[in-house]
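Visitor: following is a predicted model, sequence given first.
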Amino acid sequence: MSSSEKTNLYFPRRRFLQLSGFSSLGLLLNGCSMSLFDEQVFRITEPLNQSLEEWLLNPEKLVPEFPASAIELDKLLVNTFDFTPQIDPQEFRLKINGEVARPLSLSMTDLEKMPLTTMTIRHVCVEGWAAIAQWGGVKLRELAVLAQPSSKARYVYFKSADGYYESWDIASALHPQTLMAYQKNGETLPVDNGAPLRLASPIKLGYKLSKWVTQITFLSKKPKTLGYWEDQGYEWFGGI
Ligand SMILES: Nc1nc2c(c(=O)[nH]1)N[C@H]1C(S)=C(S)[C@@H](COP(=O)(O)O)O[C@H]1N2
Ligand SMILES: [Mo]
């Protein structure tokens with residue numbers, strides 16, 4: 001029996017829910033937004049590759065979220081190691097490449113046409129502060145469905161416009177609460193917080209949550225440079 005058949009047996013309901021999610025995404029992308037994309041890129045009705053499918057169907061623990069009333073408006077401090085890059089959102093492209101069948105280059109308009117997920121979570125910085133904030137954006141796992149990481153992909157590398165860089169394990173990157181966010185507290189993401197696009201996730205510490213992300217690269221091996229702070233001694237996994 002193949003492992004995907006096993007998955008079927010053990011998680012039939014979950015599988016059904018996930019696959020119906022894929023087909024609505026397929027409809028969206030085959031419909032009005034199609035012209036924005038390379039048409040080859042969005043043939044996602046094809047069978048997903050085995051490894052990606054396994055990650056997506058893995059039962060994952062969801063971190064409890066807060067109600068919007070819990071947002072602490074002024075408590076999210078700006079923490080930027082060097083400078084604040086000014087990125088023109090019209091010119092901006094998110095590149096997705098590496099161990100993927102379909103490398104992508106997406107504009108903000110492309111991303112805004114994908115399903116919007118919002119979550120109110122606690123941001124925790126190891127420098128001793130925390131803040132509840134709401135983030136809105138696209139699930140990284142939905143971008144992975146489009147880019148189709150190969151079965152070799154195990155790590156994800158995030159490159160930022162200020163020279164910051166981060167690497168994550170693929171399971172954390174594909175966790176359903178890991179977003180590429182373009183909104184904060186219901187408004188367009190401010191430049192200081194990483195506009196136009198940043199990572200947001202309740203499963204990782206603040207330093208893992210790259211701001212001004214311009215490139216996402218799927219990797220088969222752990223990179224030599226692990227992350228801006230990790231390369232100065234911070235712990236790599238950075239889980240909460
Ligand atoms: N590109 C980039 N991303 C970054 C940082 C940075 O300096 N550059 N700082 C990190 C740290 S240590 C934290 S706590 C959060 C802070 O996010 P905020 O400034 O939106 O509060 O961003 C993280 N992501
Ligand atoms: Mo931080």
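Guide: Alright, I've got the coordinates. Numbers count the residues shown, from 1 in each chain. Ligands and ions are numbered 1, 2, ... in the order given.
Visitor: run through the residues that contact the residue nearest the centre of the chain.
Guide: By C-alpha atoms, centre = their mean, the chain has its centre lying nearest to Leu140, at 2.8 Å. By C-beta atoms under 8 Å, 6 or more residues apart in numbering, the residues touching Leu140 are 156, 173-174, 178-180, 199, 216. Bear in mind the C-beta positions are built from the backbone N, C-alpha and C, glycine included.
Visitor: turn those residues into a markdown table, columns for distance to ligand 2.
Guide: What follows is the contacts of Leu140, written out as a markdown table (distance: C-beta to the ion, whole Å):
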| residue | distance to ligand 2 |
| --- | --- |
| Val156 | 19 |
| Ala173 | 19 |
| Leu174 | 23 |
| Thr178 | 17 |
| Leu179 | 18 |
| Met180 | 19 |
| Leu199 | 13 |
| Ile216 | 21 |
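Visitor: ligand 1: which of those is nearest?
Guide: Leu199 (7.6 Å; C-beta to the nearest ligand atom).
Visitor: tally of neighbours for the nearest residue to that closest one once chain neighbours are set aside?
Guide: Once flanking residues are discounted, Leu199 sits nearest to Leu209: 4.5 Å by C-beta to C-beta, 6 or more residues apart in numbering. Using other C-beta atoms under 10 Å, the number of residues around Leu209 comes to 24.
Visitor: elements contacting the longest strand along the chain?
Guide: Longest strand in the chain, counting residues (DSSP state E): strand 129-139. If you count contacts as 3 or more C-beta pairs under 8 Å, 6 or more residues apart in numbering; DSSP states H and E, strand 129-139 packs onto strand 117-125, strand 179-184.
Visitor: which of the ones you listed sits most buried?
Guide: strand 179-184 (a mean of 24; mean count of other C-beta atoms under 10 Å).
Visitor: report the angle between that one and strand 117-125.
Guide: If you take axes from the mean of the first three to the mean of the last three C-alpha atoms, to 10 degrees, strand 179-184 sits at 90 degrees to strand 117-125.
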